[in-house]
Each structure stands twice: as C-alpha cells, then as structure tokens.
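Undergrad: Here is the input, now give the coordinates:
(one chain, ligands or ions: 1)
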Amino acid sequence: MGAGIAEICALAGLDVVVCVTSPASAERGRARIVRSLDHALRKGKLTEQDRDGALERLSFTADLDALADRQIVIESVLEDEAVKVQVFRALDKVVDDQRAILATNTSATPIMKLGRATERAGHVVGTHFFNPAPVLPLVEIVPSLLTEEDTVTRIASFVTEKLGKQVVRSPDRAGFMVNALLIPYLLSAIRMLESGFASAEDIDSGMRLGCAHPMGPLRLVDMIGLDVINAVAESLHAEFREPHYSPPPLLLRMVDAGLLGKKTGRGFHEYAR
Ligand code: 3HC
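TA: Numbering: from 1, shown residues only. Sure, this is the predicted structure:
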C-alpha cells in the first residue's frame with residue numbers, strides 16, 4: 001500500500017520521499033508506481049505532464065535520515081507491531097519539526113502503542129487507507145487517547161483537501177471501524193470453504209453476483225494478503241475475545257505455507273506473476 005499512498009501524494013503535487021528498506025525494494029516500488037501512472041495515462045485520466053511531474057516529485061531512499069525535514073510521515077511497513085514500534089522510535093529521533101505529524105497506515109497495531117514509542121504522542125495518528133489506495137476514496141482517521149485535536153484537524157484537512165479522499169473518524173480499537181465489520185465476513189467465507197460448505201468460486205460468485213460486491217470475499221482476502229488478514233484477525237481476537245474474530249486453521253496454515261494471495265501468486269485463487 002506504501003506505493004499507492006506515495007503515488008496519490010505525488011499526484012496531489014506534494015514533494016514525496018519514499019523511505020524503503022533496500023535499493024531493491026526502492027526499484028520495485030518505483031516500477032509499481034510507474035506502471036500505475038502509465039495505466040492512468042493510457043486511460044486518459046492523466047496527461048504526460050501529470051505523470052512526469054508526479055515522478056519528478058518522488059524520490060526513493062533507504063536512509064531514514066532523509067525524512068528529517070518532513071511535515072507529514074505516513075508509515076506503511078510490514079503489519080508487525082514490533083517492527084512498527086521500532087520505526088516510530090526511529091522516526092521520533094529523525095523528524096526535526098516537533099509539530100510534524102507521524103501517521104500510520106496500520107490495520108492492526110493500536111495507535112496508542114505507536115504514540116507511546118515516541119516523545120510526541122500528541123502528533124501520532126492513524127491514517128488507514130483501503131486497498132487499492134489510488135482507487136478507494138476512504139481514509140479512516142484514528143486518534144489515540146493522547147492524539148491532540150489539532151493533529152486530527154490538520155491530518156483530516158490534508159487527506160480531504162490535498163489528497164481528495166473522504167474521511168471517517170474511528171476509535172483506536174482493534175479493527176477500527178471498517179475492519180471490525182469486514183474481517184468477520186471474510187473469516188466466515190474462509191470457514192465456509194474450510195468446512196466444504198461451498199467452493200471458492202461459488203462463494204465469490206455468490207457475493208459478487210448476488211450482492212453486487214465488486215469482488216468476492218476470498219478474492220478480496222487474496223488481494224489484501226492472507227498475512228494481513230491474519231494479523232488484523234489476531235488483533236481483533238486478542239482485544240475482544242469473540243470467536244467470530246478467531247482466524248480459522250485454514251488461514252493459519254496457508255500463511256505458514258507462504259500462500260499469501262496475489263502478492264505470492266497463490267492464495268484461494270491462482271495469479272499470473
Ligand atoms: N492501483 C491503481 N489502480 C487500480 C488498482 C491498483 N492496485 N486496481 C485497480 N485499479 C483501477 C483500474 O486501473 C481500473 O481503472 P480504470 O477503470 O481506469 O481502468 C479501476 O481501478 C477498476 O479496476 P478493474 O477494471 O481492473 O477491475 P474492477 O472494476 O474489478 O475493480 C477493484 C478492481 C478496484 C479492486 C474493485 O474490485 C474493488 O473495489 N474491490 C473491492 C476492494 C476492497 O474492498 N478493498 C478494501 C479492502 S480492506 C482494506 O484495504 C483495509 C485493510 O486494512 C485490510
């Protein structure tokens with residue numbers, strides 16, 4: 001999702017520094033954004049000038065110090081609480097402006113834990129984008145109990161006025177608002193498949209054709225990533241202890257097997273790579 005968020009920001013005319021873990025992932029991220037912009041150009045949604053301007057405004061680095069002068073940082077690393085906490089500790093030391101907003105695109109880590117990893121919890125906030133980020137118009141804004149109201153106002157106007165997205169405000173509870181509703185539905189589809197109740201194709205066709213969802217639940221799990229679904233389900237289950245949030249064994253075994261969905265070429269369906 002990091003590439004999608006960087007793309008939206010660059011198209012909005014912002015100077016964007018994308019900080020990644022290695023030169024190889026910088027290459028992959030840049031190639032993904034180029035592909036997406038080229039597609040939009042072919043579709044007539046962008047001019048060549050828009051595309052070239054966006055690419056010029058994007059720079060890639062593996063050096064966190066390059067974020068020192070940023071006013072807004074949107075973290076979108078691996079969905080792993082320990083890694084995210086480490087990133088926020090590092091960002092707190094690197095980003096100079098004490099009023100800069102340190103935002104996170106997490107789906108599973110409490111915003112409070114990331115705020116407390118810094119000396120500026122008042123300026124740490126959740127900005128939860130939806131996949132694919134360049135297409136879906138919603139961003140959940142998630143303040144922790146320590147987030148200042150001014151931070152919420154500033155990030156909400158950045159997201160609406162600069163990025164052209166719509167916002168809803170969600171509480172800092174596992175799943176926030178949308179995933180608290182979506183995840184039990186996706187897990188039910190996995191349980192239905194696991195119990196032999198119906199095939200993956202029929203479950204997906206049922207919801208696509210019968211309920212006009214843009215894609216069936218198992219294909220959606222593949223698109224989001226089985227590892228991400230598992231992480232969100234674990235966080236919901238740990239917080240609420242309700243059985244319908246518990247990740248089913250089939251999901252756990254598929255994650256163990258590295259069958260993570262579209263990004264690995266196989267999940268509940270197969271994908272050309
Ligand atoms: N990046 C950029 N653009 C993309 C894209 C991507 N990854 N995927 C699709 N698009 C664009 C296409 O280019 C296309 O634009 P065009 O009409 O100009 O060509 C448009 O979106 C529609 O795509 P397609 O014609 O290929 O296919 P669909 O009409 O089936 O749409 C979809 C694809 C947008 C993915 C649609 O199926 C959809 O909205 N699915 C539901 C997605 C969803 O529910 N996401 C939320 C997940 S929950 C989440 O992210 C939270 C997290 O915390 C778990």
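Undergrad: Show me the domain layout of this structure.
TA: 1-62, 71-172, 178-264 (automatic domain parsing).
Undergrad: Could you dump those domains into CSV and include mean neighbour count, distance to Arg273 and mean pLDDT?
TA: Where C-beta positions appear, they are placed from N, C-alpha and C, glycine not excepted. Putting those into CSV (neighbours: other Cβ atoms under 10 Å; distance: least, Cβ to Cβ, whole Å; pLDDT from 0 to 100) gives the following:
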stretch, mean neighbour count, distance to Arg273, mean pLDDT
domain 1-62, 16, 13, 94
domain 71-172, 18, 18, 97
domain 178-264, 17, 8, 97
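Undergrad: can you redo those as TSV with distance to the ligand?
TA: Putting these into TSV (distance: least, Cβ to the nearest ligand atom, whole Å) gives the following:
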stretch	distance to the ligand
domain 1-62	4
domain 71-172	3
domain 178-264	4
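Undergrad: hey, which helix is longest across the protein?
TA: As assigned by DSSP state H, the longest helix anywhere in the chain is helix 23-42.
Undergrad: contact partners of it?
TA: The set of residues external to helix 23-42 that reach it, using Cβ atoms under 8 Å, 6 or more residues apart in numbering, is 2-4, 6-7, 10-11, 18, 20, 46-48, 50-51, 54-55, 58, 60-62, 134.
Undergrad: which residues in the stretch 1-150 of the chain form helices?
TA: Along the stretch 1-150 of the chain, counting by DSSP state H, counting those that start in this stretch, helices occupy 2-11, 23-42, 48-57, 81-94, 111-116, 149-157.
Undergrad: so can I have TSV of those helices showing distance to Ala189?
TA: Shown next, in TSV, are the helices of the stretch 1-150 of the chain (distance: least, Cβ to Cβ, whole Å):
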stretch	distance to Ala189
helix 2-11	24
helix 23-42	28
helix 48-57	36
helix 81-94	26
helix 111-116	28
helix 149-157	33
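Undergrad: For the helix or strand where Asp204 lies, name the packing helices and strands.
TA: Assigned by DSSP states H and E, Asp204 belongs to helix 200-211. For helix 200-211, the elements it packs on are helix 178-194, helix 217-224, judged by 3 or more Cβ pairs under 8 Å, 6 or more residues apart in numbering; DSSP states H and E.
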